[in-house]
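Mind folding the following:
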Amino acid sequence: MSNCSCGGTRLIFACSGCSDVGEIADKVSRLINKRGLAKMSCLSGVGAGLSGFVESAKGACGNVTIDGCGVACSKKILENIGITPRSFVLTEMGFEKGKTSSDEGTVETVMNNVLKDLN
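Just a heads-up that it's a prediction; the model follows:
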């Protein structure tokens, strides 16, 4: 899945935020990266306008964002450089900010939801 139908690489970005749902978004993105299902890239690098990160995102076959809450920082950062990513927001999946455990089971559940929708 790290390769898109166009033959290029799919990148994944997470807004790690400062809440439990942000932590889960980060863990899910790292796990997807570790399993080789997409390549995680640096959201801060894109937000800072660093050319290597911006050009990688613009050249990717697909971009995926995972945000913890509806503020959707990672999605908005990519939109600011002209990219419309495939966006996932944990609070829209029913997880509640400030009340969600970032344990392994929750991470697996979110990851499975994301992967199911991407396939």
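
and stretch 36-48, what's its mean pLDDT?
The average pLDDT within stretch 36-48 is 97.

how about it: buried residues?
Leu37, Ala38, Met40, Ser41, Leu43, Gly45, Val46, Gly47 (16 or more other CB atoms under 10 Å). Every residue, glycine included, has its C-beta placed from N, CA and C.

residues making contact with that stretch?
1-2, 9-15, 29-30, 32-33, 52-54, 56-57, 64, 73-74, 77-78, 80-81, 115 (CB atoms under 8 Å, 6 or more residues apart in numbering).

can you rerun that using 6 Å?
Residues external to stretch 36-48 that are found in contact with it (CB atoms under 6 Å, 6 or more residues apart in numbering): 1-2, 9-13, 29, 32-33, 53-54, 57, 74, 77.

Counting neighbours, which of those end up buried?
The buried subset of the contacts of stretch 36-48 (16+ other CB under 10 Å) comprises 2, 9-13, 29, 32-33, 53-54, 57, 74, 77.

how close does Glu79 sit to Ser101?
30 Å (CB to CB, to the nearest Å).

now Ala60
32 Å.

More neighbours: these two, which one.
More crowded of Ala60 and Ser101, by other CB atoms under 10 Å: Ala60, with 21 against 12.

can I assume that one is in contact with Leu11?
Yes. Using CB atoms under 6 Å, Ala60 makes contact with Leu11 at a distance of 4.4 Å.

what's the burial count for Asp117?
Neighbours of Asp117 under the rule other CB under 10 Å: 10.

Apart from its neighbours in sequence, what residue is nearest it?
Leaving out its chain neighbours, the residue that sits closest to Asp117 by CB to CB, 6 or more residues apart in numbering is Phe88, at 7.3 Å.

related to what we said a few turns ago, narrow the buried residues of stretch 36-48 to those in helices?
Of the buried residues of stretch 36-48, the ones assigned to helices by DSSP state H are Leu43, Gly45, Val46, Gly47.

between those residues, which is nearest Gly68?
Nearest to Gly68 among these, counting by CB to CB, is Leu43 at 12.5 Å.
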